[in-house]
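In: Pasting a predicted model and its sequence here:
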Amino acid sequence: MSRKKKSKGGGLALIIVIFALFLAGKTGALPKGLPGGSGPAGYVNPIGAGMTPWRVDQGVDYNGTGSRELYALGSGTITLATTGSGWPGGGFVKLRLDSGKYKGRYVYYAEQITPVVWGGHVRAGQLIARCHAVPYCLEIGWASASTDNTMSSANGQSAAGEAAGDPGAYPTGCGMAMDRLLKSLGAPGGLIQSGPVQGGSC
């Protein structure tokens, strides 16, 4: 049985393609936060490179190492951006997604962050906030439509933690759902706390 000759040009072509993609990323031709996984179409990894995950609670917590840049998970509208919320550090950004599987849902970015975009429409992968250089600077999760409330709080999933004095004392169904989505987009997954997951879905 005859064998096909290996093409010497194939390897070189692959190297050229990889180098072109590298240059495109450096020059901004590719959106930052490009997903590394196989998540829903139209969504990108919103977590800056090198940030370290912490616990899964109402959402997913990350600490402030790495680039500390935060990107729009999908295209949509910034409906709330403030540094004066009741969250630790005061930062809060809420994004209403306008396309894809989660169209109409709200995503929050909270805690030790400063918004870069204060309102209006954003595209998937656009820089929208930065974390401060402190530990545990970010929580990201599903938000309710009202003010700076989380879905896990709005539907009672964080009630057990709130009763114990820490709304994030237990993993919630909403936090687990966001963790699965983030991991599918190439973000590092959060640490699952001990104790029963509060709530079944989000």
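Out: Yes, it's here.

In: Phi, psi for the spatially most central residue of the chain please.
Out: Centroid check for the chain by Cα atoms, centre = their mean gives residue 46 as the closest residue, at 3.8 Å. When read as degrees, to the nearest 10, the backbone of residue 46 gives phi -90, psi 0.

In: Check whether it really touches residue 69, as I assumed.
Out: No - taking Cβ atoms under 8 Å as the definition, residue 46 is not a contact partner of residue 69, at 9.4 Å. Heads up, the C-betas are built off the backbone N, CA and C, glycines and all.

In: Tell me where the model's unsure across this protein.
Out: 1-38 (pLDDT under 70).

In: repeat that with 90
Out: Along the chain, segments meeting pLDDT under 90 span 1-39, 50, 64-67, 133-137, 146-148, 194-195, 200-202.

In: Check which helix or strand residue 79 maps to.
Out: strand 76-82 (DSSP states H and E).

In: residues of that strand that come out buried?
Out: 76, 78, 80-81 (16 or more other Cβ atoms under 10 Å).

In: go on, stretch 180-187?
Out: Applying 16+ other Cβ under 10 Å to stretch 180-187 flags 181-187 as buried.

In: Repeat that for stretch 83-101.
Out: Here stretch 83-101 shows 85, 87, 89, 91-97, 100 as buried, counting by 16+ other Cβ under 10 Å.

In: Switch these over to TSV; also include distance to residue 133.
Out: What follows is these, written out as TSV (distance: Cβ to Cβ, whole Å):
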residue	distance to residue 133
85	20
87	17
89	12
91	13
92	19
93	18
94	23
95	23
96	29
97	29
100	32
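
In: of the residues you listed, closest to residue 134?
Out: Ranked by distance to residue 134 (Cβ to Cβ), the buried residues of stretch 83-101 are led by residue 89 at 7.8 Å.

In: Can you classify residue 168 as helix, strand or coil?
Out: Recorded secondary structure, residue 168: coil (DSSP: H, G, I helix; E, B strand; the rest coil).
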